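> got a sequence here, can you build the structure:
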Amino acid sequence: MKHLLYIGNKLSNHGYTSTSIETLGTFLESEGFNVYYASSKKNKAIRMFEMIIKTFKYAKKVDYVLIDTYSTKNFWYAFLISQLCRVLKVKYIPKLHGGNLPERIVKSKFFSDLIFNNAYINVAPSYYLYETFKKNGYNNLKYIPNTIELELYENSVKEFKTPKLLWVRSFAKIYNPVMAVKVLLKIKKEYPEAQLCMVGPKKDESYSKTVGFAQKNNVEVIFTGKLTKPEWINLSKDYNIFINTTHFDNTPISVIEAMALGLPVISTNVGGIPYLLQHNTNALLISDNDAADMAKQIKRILSEPDLAKALSCNGKETVKAFDWELVKKQWIELLV
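The predicted structure is shown next:
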């Protein structure tokens, strides 16, 4: 049995969206790996302290340390833990996240070099990050996509008479949630019965701004807060179009899940999105922050029934490559 220490933000018990440390960690446990975790502490300073303590505690007991590596403040815990792993002579594997990580490796090149050049391997969950890291001189790379259990996602029969829009993400500035309400306002001019449901936890002031914008414009939006995966999968049966409004992105699990459910996807064409989605094939793509074009693409889905069917079928075909039954072989090959 292989032993792993997984470093990341394990915060779903505090109302946050489950991240890779919880999804991938659980998958790896199901394959017989013994996984230790750090950290589920809500306070950042305490969380960082526990990450350090557990790295010391388990360094001689584990075969690898997995480190979820992001572009913002969490970049620094990846830096500290990676360097501690070097001192303790334990192999570490950064798992790359976030559409804005390419900017970070340029902005903080010295620290990035210390993390990524000394890693056992850097795991990129998208070809977008893989190619970006390659161009920046990092060669110890392996592409392993984000993963879902495909059997959990059963698509329901959709009607496309009225736009019923679903948005699933954390309420954070980077994901531009207020744009979804702007799209609803535009589409309601032609389809007064149009609906919008927004699913996700509050991460910054974006939630209050989005709610305030909807109230100011006297438009009804359903805000569910954070839902469990089974809850939002069940909720998706009541909606017929998935919209993704993000400013930056990598390979978002919520979009992969929407495609698995057979929902036509309309997304901003940013970051790693064009590595996952192709316009008019498995999704419809628009420029960043272009609410008018997103509304236009929604109208296309309602007026072109063959388009909706094609997007749904092609989307489901695309996400077969993300099924854990396939992806697990790559993780086992790397870790065993």
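
> now the strands for the stretch 1-150 of the chain?
Ranges of strands in the stretch 1-150 of the chain, per DSSP state E, counting those that start in this stretch, are 3-7, 34-38, 64-69, 92-96, 122-124, 141-143.

> for the helix or strand following the last one, buried residues please.
What that stands for is strand 141-143. Toward the C-terminal end, the helix or strand that comes next after strand 141-143 (DSSP states H and E) is strand 164-168. Buried residues in strand 164-168, counted by 16 or more other Cβ atoms under 10 Å: 164, 165, 166, 167, 168. To be clear about C-beta, it is placed using only N, CA and C from the backbone, and glycine gets the same treatment.

> you'd agree the first one is up against residue 242?
This points to residue 164. No. Taking contacts as Cβ atoms under 8 Å, residue 164 lies outside contact range of residue 242: 10.3 Å.

> can you redo the strands of the stretch 1-150 of the chain as CSV with mean pLDDT, mean neighbour count and distance to residue 296?
Shown next, in CSV, are the strands of the stretch 1-150 of the chain (pLDDT from 0 to 100; neighbours: other Cβ atoms under 10 Å; distance: least, Cβ to Cβ, whole Å):
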stretch, mean pLDDT, mean neighbour count, distance to residue 296
strand 3-7, 98, 23, 43
strand 34-38, 97, 19, 45
strand 64-69, 97, 25, 37
strand 92-96, 97, 25, 34
strand 122-124, 97, 25, 33
strand 141-143, 97, 15, 34
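
> for the ones you listed, give me CSV that also has distance to residue 104.
Below are these laid out as CSV (distance: least, Cβ to Cβ, whole Å):
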stretch, distance to residue 104
strand 3-7, 17
strand 34-38, 22
strand 64-69, 9
strand 92-96, 10
strand 122-124, 13
strand 141-143, 16
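
> the stretch 101-250 of the chain: helices as residue ranges?
101-107, 109-116, 127-135, 178-188, 206-216, 229-235 (DSSP state H, counting those that start in this stretch).

> among those, which comes closest to residue 2?
Taking Cβ to Cβ, helix 109-116 is the member of the helices of the stretch 101-250 of the chain nearest to residue 2, at 22.7 Å.

> can you tell me what sits against that closest one?
69, 75, 78-79, 82-83, 94, 104-105, 122, 133, 138, 140 (Cβ atoms under 8 Å, 6 or more residues apart in numbering).

> return the members of these classed as buried.
For those, a burial check counting by 16+ other Cβ under 10 Å picks out 69, 75, 78, 79, 82, 94, 104, 105, 122, 133, 138.

> quick check: the farthest pair among those?
Farthest apart among those by Cβ to Cβ are 79 and 133. That separation is 15.9 Å.

> re the thing from before, looking at the helices of the stretch 101-250 of the chain, which one is packed in the most?
helix 178-188 (a mean of 22; mean count of other Cβ atoms under 10 Å).

> how far off centre is that helix?
Here the centre of mass of C-alpha atoms in helix 178-188, compared against the chain's by Cα atoms, centre = their mean, to the nearest Å, lies 23 Å away.

> contact partners of stretch 190-207?
Counting by Cβ under 8 Å, 6+ apart, 15-17, 162-173, 175, 177-178, 180-181, 183-184, 187-188, 208, 210, 221-227, 232, 235, 238-239, 299, 302 sit against stretch 190-207.

> who does residue 242 bridge with?
Going by DSSP bridges, residue 242 is paired in beta bridges with residue 166, residue 265.

> count residues in the vicinity of it, would you?
Look at residue 242: counted by other Cβ atoms under 10 Å, it has 24 neighbours.

> same thing with the one 10 residues further on?
Look at residue 252: counted by other Cβ under 10 Å, it has 22 neighbours.

> same check on the one 3 residues further on?
Number of residues near residue 255 (other Cβ under 10 Å) recorded here: 25.

> if we can go back for a sec, out of the buried ones among the contacts of helix 109-116, who's nearest residue 330?
Nearest to residue 330, judged by Cβ to Cβ, of the buried ones among the contacts of helix 109-116 is residue 122 at 14.0 Å.

> dig out what that closest one forms beta bridges with.
Beta-bridge pairing for residue 122 (DSSP bridges): residue 141.

> ok, now how distant is residue 206 from residue 278?
Distance of residue 206 to residue 278, computed by Cβ to Cβ, to the nearest Å: 29 Å.

> ugh, wrong one, residue 124
Counting by Cβ to Cβ, the gap from residue 124 to residue 278 is 20 Å.
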